[in-house]
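# Here is a sequence together with a model predicted from it:
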Amino acid sequence: MGRNFFIRPTLNVARDLLGKYLVHETNKYRLVGKIVEVEAYLGERDPASHSYRGKTKRNEVMFRSGGYLYVYFTYGMHFCCNVVTGREGIGRAVLLRAVEPIEGKQWIRARRAKSPTEVDLCNGPAKLCQAFGIDRRDNGTDLCGKIIWIGATASDGKKFAIGSSTRIGISNGRKHRWRFFIQGNPFVSRGKPAK
DNA sequence: TTGGTGATGTTT
DNA sequence: AACATCACCAAA
């Protein structure tokens, strides 16, 4: 997708990311996953967002213009990745929470050796990053480049129903239903929304 | 199937 | 001290 796809209201980008492909390509392999679950984080108006209190060294990438990858380290062992949205200067992004493996499954399985079944390979934000080999080195990657990008697919559009719920694993901003997923898709994480 | 907890490091 | 998580174990 081109830059203009990302420089739009965050909630629209979040819903439109569903059904699209996340691609990670190197000279060794090409990994592709269909995005089935995301969460929107709306910056200064969202107490659950990393950018709620303004720009820091950690969240600097969130304040770039749309179309960059914000990767953060969490819980002492995991990485999660976000698609930055909107104009430069506002810290908003969409967390990628789950994808359905499409291509390069041998590499994905190798990285996710602990995963007992196909659906457990990428059904969580940290699992997804582990499966796709995304870590702190990928923070700030331009998604309009040739290494990690978002691809349009045939399943784009209105061929599936979009479900929504409150976001998972947060303590502030619980009231907002800013988690979106492809309804009925088995590769959506089974994490329950926080009450 | 559900719920509790340890692992582990960065940020506040 | 909390944290945008995961894997493992025990209980029912």
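Sure thing, it's come through.
# Okay, and the residue in chain A that DNA strand B sits nearest to sits in which element?
The nearest approach of chain A to DNA strand B comes at residue A:76, 2.0 Å away (Cβ to the nearest atom of the strand). Just so you know, the C-beta spots here come from the backbone N, C-alpha and C atoms, and that holds for glycine as well. Using DSSP states H and E, residue A:76 sits within no helix or strand.
# Quick check, pLDDT for it.
The per-residue pLDDT reported for residue A:76 equals 96.
# Quick check: phi and psi at it.
Backbone torsions of residue A:76, given as degrees, to the nearest 10, read phi 70, psi -10.
# quick one: contacts for the closest residue to residue A:55 other than its chain neighbours?
Leaving aside its sequence neighbours, residue A:55 sits nearest to residue A:63 (Cβ to Cβ, 6 or more residues apart in numbering; 5.2 Å). Listed by Cβ atoms under 8 Å, 6 or more residues apart in numbering, the contact set of residue A:63 reads A:51, A:55, A:88, A:89, A:90, A:91.
# Show me the two of these that sit farthest apart.
A:51 and A:88 (13.0 Å; Cβ to Cβ).
# out of the two, which sits in the more crowded spot?
Remark: of residue A:51 and residue A:88, residue A:51 carries more neighbours, 24 against 10, as counted by other Cβ atoms under 10 Å.
# I'd say that one and residue A:85 touch.
No: using Cβ atoms under 8 Å, residue A:51 is not in contact with residue A:85, being 11.5 Å away.
# so what sits against both of those two?
A:92, A:93.
# can you give me the helices in chain A?
A:3-6, A:10-17, A:105-111, A:125-131 (DSSP state H).
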